[in-house]
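Undergrad: 3D model of this:
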Amino acid sequence: MNTSNPLRVAILDMYEGTPNEGMRSIRQLVEELSADFHNPIEYKIFETRLNGEVPDLTYHAYISSGGPGSPLTSEGSDWERNYFQLMDAIHYHNQTNPDQKKHVLLICHSFQLYCRYYGYGFVSKRKSTSFGVMPMHKTPDGFHDPLIRSLGDPFWAVDSRDYQLTQPNEAKIKARGGSILCIEKYRPTVELERAIMAIRFDEAFFGTQFHPEADAVGMRKYLLREDKKELVIEKHGEKKYWDMLDHLNDPDKIMQTNRAVLPRFLMMAFQQHLNYILV
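TA: Okay, here's the model as predicted:
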């Protein structure tokens, strides 16, 4: 074990002090991967949205979490200025150090912020909250991306949001070398645009509007809350609610997504430093 050169992960907490399961799930996945590696993985949590904390550029990977509230109203805030100064610094580092890129995973709220700030699409409030275990439908590019190619079509993930990214600027995404990887369920009877659920921005930047870190333990806690139960039943019906509970421990549903996306993101981030080939 090479303890003199640990792998380093910065976790940007965007929950603003709100109790959540997302941070627990992220920490757990990093710790589990660390136990499987020959190199130790060190991680540090930064209270970005609450205290304006951001990491420096000494980390190999950056995980920016989901969070509550609007991704629109923080525009111009001090913490957001710090956040995008970090993103700009990582972009510059990756352009000038193509063999030692820093990798960034943007989850839900962070994904919406990033797309709004850099102009990758239109971020707006949904007509109603989307919450539950939902199908994610791949685009043709989604079948080949290393983070989700092992998942089915559709694959299942936790969706929990009041806002959404639509009207993607595909020309801008493609000009960067990126692609749209999956979208929300197509509903031909509903005249609403489908939200973009994942984008590969470039080799090192990846974002999802769903929660890839979510696990059965955390989702069960949420679904058993009376307010969440009522929300799902009101929108999808009681049968769908009980189906969601039944599906939580199904290895082909959210646990497959949990074991694929974030762990494979970290392996891609570390492979330059471990001489590890992701297959």
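
Undergrad: quote the end-to-end distance of stretch 207-224.
TA: Counting by CA to CA, to the nearest Å, you get 28 Å between the two ends of stretch 207-224.

Undergrad: show me which positions of it end up buried.
TA: Neighbour-count burial for stretch 207-224, counted by 16 or more other CB atoms under 10 Å, picks out 207-216, 218-219, 222-223. Every C-beta, even on glycine, is put in place using the N, C-alpha and C of the backbone.

Undergrad: closest one of those residues to Glu32?
TA: Asp215 (10.8 Å; CB to CB).

Undergrad: contacting residues around that closest one?
TA: Glu21, Ser25, Gln28, Ile254, Met255, Asn258 (CB atoms under 8 Å, 6 or more residues apart in numbering).

Undergrad: swap in Ser179?
TA: Thr139, Asp141, Asp145, Ile173, Ile199, Arg200.

Undergrad: pretty sure the fifth one sits in a helix.
TA: Which is Ile199. No. Judged by DSSP: H, G, I helix; E, B strand; the rest coil, Ile199 forms no part of a helix; its state is strand.

Undergrad: quick one: contacts for it?
TA: By CB under 8 Å, 6+ apart, Ile199 lies in contact with Phe111, Cys115, Tyr120, Pro168, Ile173, Gly178, Ser179, Ile180, Leu181, Phe206, Gly207.

Undergrad: my guess is the fifth one contacts Asp202. True?
TA: Pointing back at Ile173 there. No. In this structure Ile173 lies outside contact range of Asp202 using CB atoms under 8 Å: 9.4 Å.

Undergrad: ok, these two, which is more surrounded?
TA: Ile173 (20 against 17; other CB atoms under 10 Å).

Undergrad: contact partners of the host helix or strand of that one?
TA: Ile173 is part of helix 170-175 when elements are defined by DSSP states H and E. By CB under 8 Å, 6+ apart, the residues outside helix 170-175 that reach it are Gly119, Tyr120, Ser179, Ile180, Ile199, Phe201.

Undergrad: contacts only, for the last one.
TA: The neighbours of Phe201, taking CB under 8 Å, 6+ apart as the test, are Tyr120, Ile173, Arg176, Gly178, Gly207.

Undergrad: related to what we said a few turns ago, mind checking which of the contacts of Ile199 land in helices?
TA: Mapping the contacts of Ile199 onto helices (DSSP state H) picks out Phe111, Cys115, Ile173.

Undergrad: and the gap between the second one and Asn169?
TA: Noted for Cys115: a distance of 9 Å to Asn169, by CB to CB, to the nearest Å.

Undergrad: hmm, back to that, from the contacts of Ser179, which two are the most distant?
TA: Asp145 and Ile173 (13.2 Å).

Undergrad: would CSV of the contacts of Ile199 with distance to Ser160 and pLDDT be doable?
TA: Listed next are the contacts of Ile199 as CSV, based on distance: CB to CB, whole Å; pLDDT from 0 to 100:
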residue, distance to Ser160, pLDDT
Phe111, 13, 98
Cys115, 17, 98
Tyr120, 21, 98
Pro168, 21, 96
Ile173, 24, 98
Gly178, 24, 98
Ser179, 24, 97
Ile180, 21, 97
Leu181, 19, 98
Phe206, 19, 98
Gly207, 16, 98
